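Colleague: turn this into a model:
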Amino acid sequence: MNKELRAKTNEALLDLVVKLKGQLLEYRFLLAQGEFKKTHQIKQTRRLIAKIYTILTERKVNINLTNKINSTMLQPKAAQAAAENKLVAKKTLAEKRAEKLAKRVENKAKVAALPKQKIVKTKKPTFAKISHQPKKLSKNDRRMQKAKKVSIRRKVGA
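Modeller: Predicted structure coming up:
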């Protein structure tokens, strides 16, 4: 089926897509009415439309089937080349690790050579202490409190 589709032109494929979409619409109506018995055809047509779109996009991006086949034949050679590249990469990683280790040793020696700095303790800022004693009230505040007490007594009736 794929070979037949790939042999067709883009215009023929687009016409086929339009035709298949019309079939899908008919299938949905028949299914809604309860007259459609072969429900698997819906899935088949959807997949066929997807295959056609895939072929069209491959042509748009210029992907050839022959290139795919050649690349699968060349995979063993590519695997060997990749393995060689990995070995080279591992060697370079080992060299990088050795360089990092050498830098660490140099830095450690530099730090050891520096005089030790004295740690100066700073005093923490002190905050005002909270006292549990009541505040001294001004004359006006005392007068207001007294007036509140008197008004409460009058309301209660004492």
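
Colleague: for the chain, give me the ranges with low pLDDT.
Modeller: Judged by pLDDT under 70, the chain has its weakly predicted residues at 64-76, 78, 91, 127-135, 154-158.

Colleague: next SSE downstream of the longest helix along it?
Modeller: As assigned by DSSP state H, the longest helix anywhere in the chain is helix 75-113. Reading on from helix 75-113 to the C-terminus, the next helix or strand found by DSSP states H and E is helix 139-156.

Colleague: how far does that following helix sit from the chain's center?
Modeller: Here helix 139-156 is found 67 Å from its chain centre; the criterion is CA atoms, centre = their mean, to the nearest Å.

Colleague: list the contacts of it.
Modeller: With CB atoms under 8 Å, 6 or more residues apart in numbering as the test, helix 139-156 has contacts from L137. Quick note: C-beta positions are derived from backbone N, CA and C, even for glycine.

Colleague: using CSV, write out every CA atom in it.
Modeller: The C-alpha coordinates for helix 139-156 follow below in CSV (Å, rounded to 0.1, in the frame of the first residue of the first chain):
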residue,chain,number,x,y,z
LYS,A,139,-3.8,62.5,83.5
ASN,A,140,-6.1,62.6,80.4
ASP,A,141,-5.9,58.7,80.0
ARG,A,142,-6.7,58.2,83.7
ARG,A,143,-9.7,60.6,83.4
MET,A,144,-11.0,58.7,80.3
GLN,A,145,-10.7,55.3,82.1
LYS,A,146,-12.6,56.7,85.1
ALA,A,147,-15.4,58.0,82.9
LYS,A,148,-15.7,54.6,81.2
LYS,A,149,-16.0,52.8,84.6
VAL,A,150,-18.7,55.2,85.7
SER,A,151,-20.7,54.9,82.5
ILE,A,152,-20.5,51.1,82.7
ARG,A,153,-21.9,51.2,86.3
ARG,A,154,-24.8,53.4,85.2
LYS,A,155,-25.7,51.0,82.4
VAL,A,156,-25.6,48.0,84.7
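
Colleague: what number of residues lie near L48?
Modeller: 16 (other CB atoms under 10 Å).

Colleague: which element is it on?
Modeller: Using DSSP H and E, L48 falls in helix 40-61.

Colleague: give me the buried stretch members for that helix, please.
Modeller: Going by neighbour count (16 or more other CB atoms under 10 Å), the buried part of helix 40-61 is I42, T45, L48, I49, I52, I55.
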